[in-house]
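Trainee: Generate coordinates for the sequence data below:
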Amino acid sequence: MTQRIPVNPGNVEWSGDNPAIYLRESADGPWTCLAAYFNVVYSPHGRGRVMIMLGDPARAEGYPRARNACITDNAALAEYLVRDFVSLFPSFRGQPGLGAMTRYSSGSFREAGDMATCWQHTAAASNLELTLRWRELGAPFAVEVGPEHCATGRHDMYSVFLEAGGASVLMNDQALDGRVTDRIFFGRRMSTAFIALSETWVSPAN
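Mentor: Below you'll find the predicted structure:
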C-alpha cells in the first residue's frame, strides 16, 4: 500500500464546489445535456461562480441558436476552468457546443434546498436563466484520486460527493431533454447527477 502523506507537495489549482448533471435518453446513448456549476473560493483568478449548460452538446452554436451557454461573474476564471479542466473532462471532451457556447460575464446566482433531500442552483444574465436541480440525494462519501483516475488525467483531486437519484436542468423554465443514468466513475457505478463539495484540484509535484 502506498504510504499516505499529510501534506501534498503539489500546486493547488482551485478549490470550491462543483456539482453537475449529465443527461441522456438511454444508458448507452449520447449525452443530450451536460451541465456543471462551479463555486470557486480559491484560484489563480480569484473567487467566482460559473455555470455551464450544453443543452445541445453536439451543435457548434451558442444561445439562442442552440441551448449552449455559460454564465459567470468572473470571466477570467470561467476561461481558465473551461480551458484547463472542463475541456478535459471525458463527457465534455470534444463536444462542439463547449467552444461555441454563448458567454455572459455579469451573472447573478442563487441557491435553494436543504442539501439533505434536494438542492438547486440558478444563474441569470440578460434574458437567460439556467437552473440545475438535484433530488433524492444520497449519503456523502469522500473521494481522493490521482491523475490516473482523475477526470483531467493530470491532477490530484479531493472532494465529497452526494449522488442524486433524480435531477433536472432548466433553461428559462423549460426542462432540457434526457434523464439521469449511471456510469463507472472512481471505480464504482455512480449516478450522472451529483453534488461535489469542497473539491480541490492539485497539480502534482514533479
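Trainee: Using neighbour counts, pick out the buried residues of the helix or strand of the chain with the lowest mean pLDDT.
Mentor: When each helix and strand of the chain is scored by mean pLDDT, DSSP states H and E, strand 182-185 comes last, with a mean of 79. Of the residues in strand 182-185, those buried by neighbour count under the rule 16 or more other CB atoms under 10 Å are residue 185. All C-beta atoms are positioned from the backbone trio N, CA, C, and that covers glycine.
Trainee: helix or strand right after that strand?
Mentor: On the C-terminal side of strand 182-185, the closest following helix or strand by DSSP states H and E is strand 188-191.
Trainee: Dump the C-alpha coordinates for stretch 113-122 into PDB.
Mentor: C-alpha atoms of stretch 113-122 as PDB (Å, rounded to 0.1, in the frame of the first residue of the first chain):
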ATOM      1  CA  GLY A 113     -32.700  23.500  -0.800                       C
ATOM      2  CA  ASP A 114     -31.700  21.600   2.300                       C
ATOM      3  CA  MET A 115     -28.800  19.500   0.900                       C
ATOM      4  CA  ALA A 116     -30.400  16.500   2.700                       C
ATOM      5  CA  THR A 117     -33.000  15.700   0.100                       C
ATOM      6  CA  CYS A 118     -32.800  18.300  -2.600                       C
ATOM      7  CA  TRP A 119     -30.600  21.200  -3.800                       C
ATOM      8  CA  GLN A 120     -30.800  23.800  -6.600                       C
ATOM      9  CA  HIS A 121     -28.500  26.400  -8.200                       C
ATOM     10  CA  THR A 122     -29.800  29.100 -10.600                       C
END
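Trainee: What are the contacting residues of that stretch?
Mentor: For stretch 113-122, contacts defined as CB atoms under 8 Å, 6 or more residues apart in numbering pick out 19, 37, 51, 109-112, 129-137, 162, 195.
Trainee: Next: stretch 95-105.
Mentor: 31, 34, 52-54, 56-64, 66, 68-75, 78, 82, 86-87, 92, 125-126, 128.
Trainee: Show me how far the helix ranked longest in the chain is from its chain's centre.
Mentor: Longest helix of the chain, by residue count under DSSP state H: helix 75-84. Distance of helix 75-84 from its chain centroid, counting by CA atoms, centre = their mean, to the nearest Å, is 13 Å.
Trainee: Just the CA atoms of stretch 87-98, as PDB, please.
Mentor: Output of stretch 87-98 as PDB, limited to C-alpha atoms (Å, rounded to 0.1, in the frame of the first residue of the first chain):
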ATOM      1  CA  SER A  87     -12.500  20.600 -21.900                       C
ATOM      2  CA  LEU A  88     -10.500  17.600 -20.500                       C
ATOM      3  CA  PHE A  89     -13.500  16.000 -18.600                       C
ATOM      4  CA  PRO A  90     -14.400  12.800 -20.600                       C
ATOM      5  CA  SER A  91     -18.100  13.800 -21.000                       C
ATOM      6  CA  PHE A  92     -17.300  17.400 -22.300                       C
ATOM      7  CA  ARG A  93     -14.100  16.400 -24.300                       C
ATOM      8  CA  GLY A  94     -14.600  17.100 -28.000                       C
ATOM      9  CA  GLN A  95     -18.100  18.400 -27.600                       C
ATOM     10  CA  PRO A  96     -18.600  21.200 -30.300                       C
ATOM     11  CA  GLY A  97     -21.000  23.000 -28.100                       C
ATOM     12  CA  LEU A  98     -18.400  23.800 -25.400                       C
END
